[in-house]
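Colleague: Predicted model, plus sequence, below.
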Amino acid sequence: MWDELLVAVALVLVLEGIIPFLAPEKFRQALSQLGQLSSRSLRIAGLVSMMIGIIVLYLVRLGS
């Protein structure tokens with residue numbers, strides 16, 4: 001189980017590093033815009049992101 005968790009964390013780090021590596025200026029602009037969003041908007045975006053992640057995990061587990 002711990003191996004799978006570490007693989008998942010490593011994949012998150014790789015995926016999160018792609019955008020700043022390929023387009024640092026666009027990434028900086030996106031972060032600036034995120035800083036201007038309300039807390040409610042950020043929470044909704046976080047909730048949607050978590051729900052999508054749960055659905056993807058369910059579908060992956062269902063297929064294997």
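Modeller: Happy to help now that I have it. Numbers count the residues shown, from 1 in each chain.
Colleague: The chain: helices as residue ranges?
Modeller: In the chain, the segments counted as helices under DSSP state H are 2-22, 24-35, 39-63.
Colleague: Using JSON lines, lay out the ones you listed together with mean neighbour count and mean pLDDT.
Modeller: No exception for glycine: its C-beta is placed from N, CA and C like everyone else's. Conversion of the helices of the chain to JSON lines gives the following (neighbours: other C-beta atoms under 10 Å; pLDDT from 0 to 100):
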{"stretch": "helix 2-22", "mean neighbour count": "10", "mean pLDDT": "93"}
{"stretch": "helix 24-35", "mean neighbour count": "10", "mean pLDDT": "95"}
{"stretch": "helix 39-63", "mean neighbour count": "10", "mean pLDDT": "94"}
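Colleague: Relative to Arg43, how far out is Glu16?
Modeller: Relative to Arg43, Glu16 is positioned 20 Å away (criterion: C-beta to C-beta, to the nearest Å).
Colleague: What of Leu37?
Modeller: 10 Å.
Colleague: ok, now Gly53?
Modeller: 15 Å.
Colleague: again with Leu34
Modeller: Leu34 sits 13 Å away from Arg43, going by C-beta to C-beta.
Colleague: now swap in Leu57 and tell me
Modeller: Leu57 is 21 Å from Arg43, where distance means C-beta to C-beta.
Colleague: Please apply the same query to Phe27.
Modeller: Taken as C-beta to C-beta, the spacing of Phe27 relative to Arg43 amounts to 22 Å.
Colleague: Send over stretch 35-42 as PDB, restricted to the C-alpha atoms.
Modeller: Taking C-alpha atoms only, stretch 35-42 is exported to PDB below (Å, rounded to 0.1, in the frame of the first residue of the first chain):
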ATOM      1  CA  GLY A  35      -4.700  34.600  -6.000                       C
ATOM      2  CA  GLN A  36      -7.500  37.000  -7.000                       C
ATOM      3  CA  LEU A  37     -10.200  34.400  -6.700                       C
ATOM      4  CA  SER A  38     -12.500  34.300  -3.700                       C
ATOM      5  CA  SER A  39     -12.100  31.600  -1.000                       C
ATOM      6  CA  ARG A  40     -15.500  30.200  -2.100                       C
ATOM      7  CA  SER A  41     -14.400  29.800  -5.700                       C
ATOM      8  CA  LEU A  42     -11.200  28.100  -4.700                       C
END
